[in-house]
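Colleague: sequence and computational prediction follow.
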Amino acid sequence: MRGMRKPWRLVTGLGLDMSTDSKEGKVKATAEKALSRDPVRIEDVSYSFGQNRVLDHVSLTVAPGEIVCLLGASGSGKSTLLRIIAGLLPLQEGSVRISGLAPAVPGHEPPPEVRNCGFVFQDHVLFPHLTVVDNVAFGLPGFASQARTSRALDQLREVGLADHANRFPDTLSGGEQQRVAIARALAPEPSVMLLDEAFANVDSALRRNLREDARLALRASGAPCIVVTHDPEEAMELADRIAVLQDGRIVQDAPPEAIWRTPKTQFVASLFCGTDPIAGRVINGGVETVFGSMRGVHVDLRNDQKCVVIAHPESLSLQASSGSNVHVTDVRFRGGRYLVIVEADGERLRVISETRPTASIGDSVSVTAEADGIYVYPLDDNESH
């Protein structure tokens, strides 16, 4: 299998060698690795700490070579689920199936050391007294010495750190240390890769490059991959699918574009729109709010029903309107786009524009909305899941 890697490689950690041979080699090697594995299947898993139920009948299947992000707030059960998959917490209800093993069920669980899980934590957990290559080789105890070093160097090459092989962890940046941790987890060709907030401690300036390179390496491994994050932007950049967890339940599981365009619940819409909900009322098929009437939006509620409205900031535009009760309270430049904050009767909307707004702070404006960026939910949606 190692021979399949040689026609393609990561170049300085910033991308793939895109020669024709490297493209064909990448596709063939990744496909063969994926075919050699089975999906990870989590079925009806529940877990409680005392009286606190943190997972509630969670089911999730992750295919070989697929990256699924578990997205949710702190305490939603994301990290608990990873630890159950890895065998670091006992199953209380449900089952977990990992390639090559009998299903784990309560009372009959393969121990962590036989599950062949690659685990990358928020903290790099590198051995400070070992060189970079020895840190990666540490995860290969069944290999002869020369083969271990060769395999470790191969994996470092795939994350762009082969030239750092003989350095020690304290001489690396945070992002480089996390690359080493990812390489170490991938080196044994794990049956499943688990990343728990793996990029949270990396400087924001380096985070995007690290995520992009990590996605390439994870996809190339052919292993099912589950990434825990609380950051919607990170989930959008990394995932083939996003499973949104709220209070221990998966409330939506879909590709990033579907989550973005058709959030099923108020909670999901709030995560991806990044804006506060506003109050509304359904009137004759439209929605009335303090910012005006929104027509043409999809409304599956009865007439005169109170509702909650969430809008993508990019779907809103402003026009000058003297006498309007909507006022501009802030204008900010955000690197190629402008953010305008407007308020009315104590409620707030965020508006993002590609062009410089003509309105200034204190101006009265009206708000126009594009229907496909407006989401309407029953007033009690957030509690009912």
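Modeller: Arrived safely.
Colleague: so what's Tyr47 bridging to?
Modeller: For Tyr47, the beta-bridge partners under DSSP bridges are Leu55.
Colleague: right, I mislabeled it, should have said Ser364
Modeller: Residues in beta-bridge contact with Ser364 (DSSP bridges): His327.
Colleague: and what of the one 5 residues further on?
Modeller: Residues in a beta bridge with Ala369, per DSSP bridges, are Leu316.
Colleague: how close does it get to Val308?
Modeller: Ala369 sits 15 Å away from Val308, going by CB to CB, to the nearest Å. Every residue, glycine included, has its C-beta placed from N, CA and C.
Colleague: okay, the two: which has more neighbours?
Modeller: Neighbours around Ala369 and Val308, counted as other CB atoms under 10 Å, are more numerous at Ala369. The numbers are 24 against 20.
Colleague: how far away is the more buried one from Ile226?
Modeller: Using CB to CB, Ala369 is found at 36 Å from Ile226.
Colleague: what segments of the stretch 151-300 of the chain are helices?
Modeller: 174-186, 204-221, 232-238, 256-261, 266-273 (DSSP state H, counting those that start in this stretch).
Colleague: contacting residues around the fourth one?
Modeller: Contact with helix 256-261 is made by Ala235, Met236, Ala239, Arg241, Ile242, Val244, Gln252, Val268, Phe272, Asp372, as judged by CB atoms under 8 Å, 6 or more residues apart in numbering.
Colleague: which one among the residues you listed gets closest to Phe143?
Modeller: Using CB to CB, Ala239 comes nearest to Phe143 of the contacts of helix 256-261, at 32.0 Å.
Colleague: could you find the closest non-adjacent residue to the closest one?
Modeller: Counting by CB to CB, 6 or more residues apart in numbering, Ala239 lies nearest to Cys69, which is 3.9 Å off, once chain neighbours are set aside.
Colleague: what angle separates the helix or strand harbouring that neighbour from helix 266-273?
Modeller: In the assignment (DSSP states H and E), Cys69 maps to strand 67-71. Counting by axes from the mean of the first three to the mean of the last three CA atoms, to 10 degrees, strand 67-71 lies at 110 degrees to helix 266-273.
Colleague: what's downstream of strand 67-71, the next helix or strand?
Modeller: Strand 67-71 is succeeded, C-terminally, by helix 78-86 (DSSP H and E).
Colleague: quick one, that following helix and strand 67-71 angle?
Modeller: Using the same axes, to 10 degrees: helix 78-86 against strand 67-71 is 140 degrees.
Colleague: tell me how far helix 78-86 lies from the chain's centre.
Modeller: Here helix 78-86 is found 15 Å from its chain centre; the criterion is CA atoms, centre = their mean, to the nearest Å.
Colleague: name the residues that touch that helix?
Modeller: With CB under 8 Å, 6+ apart, helix 78-86 has contacts from 40, 42, 45, 47, 54-55, 58, 70-72, 89-91, 96, 98, 112, 115, 117, 119, 192, 194, 196-197, 226, 228-230, 245.
Colleague: what's the spacing between stretch 124-144 and its chain's center?
Modeller: 28 Å.
Colleague: which positions in it come out as buried?
Modeller: Residues His124, Leu126, Thr131, Val132, Val133, Asp134, Asn135, Val136, Ala137, Gly139, Leu140, Phe143 are the ones in stretch 124-144 that count as buried (16 or more other CB atoms under 10 Å).
Colleague: do the same with stretch 204-224
Modeller: By 16+ other CB under 10 Å, the buried positions in stretch 204-224 come out as 207, 210-211, 213-224.
Colleague: would you mind listing where the stretch 251-385 of the chain has pLDDT under the threshold?
Modeller: Along the stretch 251-385 of the chain, the parts satisfying pLDDT under 70 run over 381-385.
Colleague: so where do the strands sit in it?
Modeller: 278-283, 286-289, 292-294, 306-311, 316-320, 327-333, 338-344, 347-353, 365-369, 374-378 (DSSP state E, counting those that start in this stretch).
Colleague: and the stretch 1-150 of the chain, by the same measure?
Modeller: So, for the stretch 1-150 of the chain - with DSSP E, counting those that start in this stretch - the strands run 40-49, 52-62, 67-71, 93-97, 117-120.
Colleague: including mean pLDDT, could those go into CSV?
Modeller: Listed next are those as CSV, based on pLDDT from 0 to 100:
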stretch, mean pLDDT
strand 40-49, 96
strand 52-62, 96
strand 67-71, 97
strand 93-97, 95
strand 117-120, 91
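Colleague: which one of these lies nearest to Arg281?
Modeller: strand 67-71 (30.8 Å).
Colleague: name the helices or strands packed onto that closest one?
Modeller: helix 78-86, helix 204-221, strand 225-229, helix 232-238, strand 241-246 (3 or more CB pairs under 8 Å, 6 or more residues apart in numbering; DSSP states H and E).
Colleague: dump these to TSV, plus distance to Val342 and mean pLDDT.
Modeller: What follows is these, written out as TSV (distance: least, CB to CB, whole Å; pLDDT from 0 to 100):
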stretch	distance to Val342	mean pLDDT
helix 78-86	34	94
helix 204-221	28	86
strand 225-229	30	96
helix 232-238	23	94
strand 241-246	28	96
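Colleague: in TSV, list these along with distance to Ile182.
Modeller: Formatted as TSV, the helices and strands packed on strand 67-71 follow (distance: least, CB to CB, whole Å):
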stretch	distance to Ile182
helix 78-86	15
helix 204-221	6
strand 225-229	11
helix 232-238	12
strand 241-246	20
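Colleague: between these, which gets nearest to Arg302?
Modeller: Closest to Arg302 of the helices and strands packed on strand 67-71 is strand 241-246 (CB to CB; 25.4 Å).
Colleague: name the helices or strands packed onto the closest one?
Modeller: strand 67-71, strand 249-254, helix 256-261, helix 266-273.
Colleague: again, 7 Å this time
Modeller: Packing contacts for strand 241-246, counted by 3 or more CB pairs under 7 Å, 6 or more residues apart in numbering; DSSP states H and E, involve strand 67-71, strand 249-254, helix 266-273.
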